[in-house]
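the sequence and its predicted three-dimensional model are supplied below.
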Amino acid sequence: MKKIKNLLLLVVFSFGLFSFGVAMQDEWVVPDEYKNMKNPTDPKEDLNIGKSLYAKHCQSCHGKEGYGDGKKANEVEGDLGDFSSPEFQAQTDGDLFYKTSIGRNDMPEYTKKMPDDEDRWLIVNYMRTLAE
């Protein structure tokens, strides 16, 4: 009987660790050096370039309006976010630049597809226009 109790405790403990690990995995950790970066581009300029880059690289998963409802969204694991939400828009430009550049899980790294930092900053500017 004691072995069964110990096994049950081990199972419950393991499940708790797994659940905690999954919760931690879902959280983006943005290094301070990125979080505090200032956007070097003027958000009023070249907005059409940012929109075009978004349409080419982001829209298929994140959707035209940034709701996470793109045509490939069902193929991606995890939450694609809602770019129009106050929570998303509360992030710093540096947060968004990091996430757009480095990626994680199903979100690809875009430093190779878009090696010019300015292009990724222009996408950040365009994502700001998707606020509700």
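Done, it's in. A quick note: this is a predicted structure, and the numbers were derived from the prediction, not measured. Residues are numbered from 1 along each chain as shown.

ok, residues contacting the helix or strand hosting Val124?
Assessed by DSSP states H and E, Val124 sits inside helix 117-128. Contact with helix 117-128 is made by 39-41, 43, 46-47, 49-51, 53-54, 57-58, 66, 83, 89, 93, 96-97, 100-101, 110, 114, as judged by CB atoms under 8 Å, 6 or more residues apart in numbering. C-beta: built from backbone N, CA, C; applies to glycine.

mind doing that once more with 7 Å?
Contact partners of helix 117-128, identified using CB atoms under 7 Å, 6 or more residues apart in numbering, comprise 39-41, 43, 46-47, 49-51, 53-54, 58, 66, 83, 93, 96-97, 100-101, 110, 114.

point out where the chain drops to low pLDDT.
Applying pLDDT under 70 to the chain flags residues 1-26.

find the residue at the geometric middle of it.
By CA atoms, centre = their mean, the chain has its centre lying nearest to Lys99, at 5.2 Å.

that one and Glu45, how far apart?
Distance of Lys99 to Glu45, given as CB to CB, to the nearest Å: 23 Å.

one more: Lys71?
Distance, Lys71 to Glu45, by CB to CB: 30 Å.

Phe83 too?
Taken as CB to CB, the span from Phe83 to Glu45 is 21 Å.

these two: which is more packed in?
Taking neighbours as other CB atoms under 10 Å, Phe83 and Glu45 compare with Phe83 leading, 23 against 11.

hmm, the more buried one is touching Lys64, no?
No. Contact criterion CB atoms under 7 Å: Phe83 and Lys64 do not qualify, at 10.6 Å.

quick one on the thing from earlier: ok, residues contacting the host helix or strand of the residue nearest to the centre of the chain?
Assigned by DSSP H and E, Lys99 belongs to helix 93-102. The contact list for helix 93-102 (CB under 7 Å, 6+ apart) reads 28, 30, 34-37, 39, 109-111, 120-121, 123-124, 127.
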